[in-house]
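Novice: Pasted the sequence and its predicted model underneath.
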Amino acid sequence: MARRASASYDERDVKVRPGRGSRPRSKLRPAHSDAALGMVIAVDRGRYTCALADHVVTAMTARELGRKAVVVGDRVRLVGDVSGQEGSLARIVRVEPRSTVLRRTADDVDAVERVIVANADQMVIVTSVAEPEPRPRLVDRCLVAAYDADVEPLLCVTKADLADPGPLLDTYAPLHVPTVVTNRDGDQLAGLDALRRRLHERTTVLVGHSGVGKSTLVNALVPDADRAIGEVNTVTGRGRHTSTNAVAVALSEQGWVIDTPGIRSFGLAHVDPARLIVAFPDLAAETADCPRGCAHGSSEPECALDTALDAGRLEPGRVTSFRRLLASRERRTGD
Ligand SMILES: Nc1nc2c(ncn2[C@@H]2O[C@H](COP(=O)(O)OP(=O)(O)OP(=O)(O)O)[C@@H](O)[C@H]2O)c(=O)[nH]1
Ligand SMILES: [Zn+2]
């Protein structure tokens, strides 16, 4: 299925700072202070599709940016031909400071971090009740990444027409993560209104395993998403978007939803192992009774997680998920 972006965004979504025309240019502050502000909505082989106030332009990065990665969600300053006309190419001369950075590594020991999106304030973790089966450990990893990046998580359980979402919801109930359930009903998607309310005026990144229904959600939320991506592709002249990249789509309600390609794993080499527990609040509550310095791993002699397990206060699967993640991360430091 084609990845998509929107050419029909709302100009209120792109916040333009007041001009600085009256201020003299200092030597330290180079030119381009009058550069147009845009948001990167798609990246494809060195070409950046950027949404300006009322049109979309294709851009490349200027040499002065160096090797700094520019990703979907970035607010950038553009110079050159910003008309967006066919064949035009603008230059990105600056990346504005990011409010959030969502990262991922190939595995838990990989030193190379990949920034998935910038400036997202919400992460919708999409998981289907069936086809494909839920992968709780992938969900846990997404939660870790969300908390680490200071991005608010939301769980979206899809395909509730195929199986009862109850057990999956029960698993995550103790986490107090907001949850939305959707299902196919004829050729419609039910449950969208609750999701729409959660997306209002926010920049939301959708993550999840391949096939869970992310693109289906985006298409249902933004009825012209497919047409919009077609327009972007005409601009870049590169045909269909590769499914290896994230794409931002503007919501008519204001806000952005960023579709990302399906993932099999979510490497967390960049996350401090001591912070993993933050994504497991149900477990964290039990660790108050741990001895000082307890890392809560399976080899800890007096970890309160074991006491809680024995007493039946915790679901074994939750503790296993946490400890597997912890062990996987600790391998890196050789502990
Ligand atoms: N039964 C049912 N099928 C659904 C539902 N939502 C999506 N699907 C189907 O699930 C399949 C995968 O949906 P996609 O939206 O392409 O999934 P995706 O998460 O975008 O997958 P990737 O692009 O690989 O990451 C498609 O055949 C959809 O028609 C649903 O609520 N119920
Ligand atoms: Zn412990």
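Specialist: Done, it's in. Numbers count the residues shown, from 1 in each chain. Ligands and ions are numbered 1, 2, ... in the order given.

Novice: By residue count, what's the longest strand in this protein?
Specialist: What stands out as the longest strand in the chain, according to DSSP state E, is strand 36-44.

Novice: immediately after it, which helix or strand?
Specialist: strand 47-51 (DSSP states H and E).

Novice: Next, the angle strand 36-44 makes with that next one.
Specialist: 130 degrees (axes from the mean of the first three to the mean of the last three CA atoms, to 10 degrees).

Novice: Only alpha carbons, please: show strand 47-51 as CSV.
Specialist: In CSV, the C-alpha atoms belonging to strand 47-51 read as follows (Å, rounded to 0.1, in the frame of the first residue of the first chain):
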residue,chain,number,x,y,z
ARG,A,47,14.8,14.6,-1.3
TYR,A,48,12.7,16.3,1.4
THR,A,49,9.0,17.1,0.9
CYS,A,50,8.2,20.1,3.1
ALA,A,51,4.9,21.6,3.9
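
Novice: Return the distance of the longest strand of the chain from the chain's centre.
Specialist: Chain-centre distance of strand 36-44: 16 Å, with CA atoms, centre = their mean, to the nearest Å.

Novice: In it, which residues are buried?
Specialist: 36-44 (16 or more other CB atoms under 10 Å). Placement of C-beta: from N, CA and C, glycine included.

Novice: Helices along the stretch 101-250 of the chain, start to end?
Specialist: For the stretch 101-250 of the chain, helices defined by DSSP state H, counting those that start in this stretch occupy the ranges 136-149, 166-172, 192-199, 214-221, 225-236.

Novice: circling back: among the buried residues of strand 36-44, which one lies nearest to ligand 1?
Specialist: Ala42 (14.8 Å; CB to the nearest ligand atom).

Novice: Ignoring the adjacent residues along the chain, who's closest to that closest one?
Specialist: Once flanking residues are discounted, Ala42 sits nearest to Thr49: 4.0 Å by CB to CB, 6 or more residues apart in numbering.

Novice: Buried residues, stretch 81-95. List them.
Specialist: Within stretch 81-95, the residues that count as buried by 16+ other CB under 10 Å are 82, 84, 90-95.
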